[in-house]
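Asker: sequence and predicted structure are below.
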Amino acid sequence: MLDRLSSSQEDLESEELREDAATAGCTRIGDCQDREIVTVTGTLRTVTQRPRAGVPALEAELFDGSAALDVVWLGRRSITGIEPGRKLIASGRIAMSRGRRVLFNPKYELRPLGRE
């Protein structure tokens, strides 16, 4: 109890996200290796539209409490429901780009808003 009182809000949220990933049976982002097929879950921190090689791309940062990865949908300018603060489950093959983990065009499932 004392640990929870002395922890920052960010630490508490990270702990909750790690527990959520374990409960959902997903791989922790921090444990993902290059070229591995994974299913991860977390909260979208940022969502931006950033062209890649002249092709429109929707890019989001997914955080699960252990690490972050970039989720990129090529050829998309927007996707309904993909917004900062939204929880989702994403599946695909991890790639490394500029030292960061990336999932290109993953299968995804939006998690319900609010308490589950």
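Answerer: Good, I have the coordinates.

Asker: scan the protein for its longest helix.
Answerer: Scanning the chain for the helix with the most residues, using DSSP state H, yields helix 9-24.

Asker: now do the buried residues in the helix or strand just after that one.
Answerer: Using DSSP states H and E, the helix or strand that follows helix 9-24 towards the C-terminus is strand 37-49. Using 16 or more other C-beta atoms under 10 Å as the test for burial, strand 37-49 gives 38-44, 47. C-beta: built from backbone N, CA, C; applies to glycine.

Asker: and these, which is closest to T27?
Answerer: Relative to T27, the closest of the buried residues of strand 37-49 is V38; by C-beta to C-beta it sits at 4.5 Å.

Asker: okay, the closest residue to the closest one other than its chain neighbours and Q33: tell me how far apart.
Answerer: Nearest in space to V38, with sequence neighbours left out and distances taken as C-beta to C-beta, 6 or more residues apart in numbering, is T27 at 4.5 Å. Here the criterion is C-beta to C-beta, to the nearest Å. By it, T27 lies 10 Å from Q33.

Asker: what about those two, which has more around it?
Answerer: Using other C-beta atoms under 10 Å, the more surrounded residue of T27 and Q33 is T27, with 19 against 10.

Asker: wait, that one touches I37, no?
Answerer: No: in this structure T27 lies outside contact range of I37 using C-beta atoms under 8 Å: 9.6 Å.

Asker: common neighbours of those two, please.
Answerer: Counting by C-beta atoms under 8 Å, 6 or more residues apart in numbering, no residue touches both T27 and I37.

Asker: residues near F104, how many?
Answerer: Applying other C-beta under 10 Å, we find 16 residues neighbouring F104.

Asker: ok, it - contacts?
Answerer: Residues in contact with F104, defined by C-beta under 8 Å, 6+ apart, are 72, 74, 92-93, 95.

Asker: okay, it: pLDDT?
Answerer: Looking at F104, its pLDDT is 96.

Asker: tell me how far it lies from E13.
Answerer: Counting by C-beta to C-beta - F104 and E13 are separated by 27 Å.
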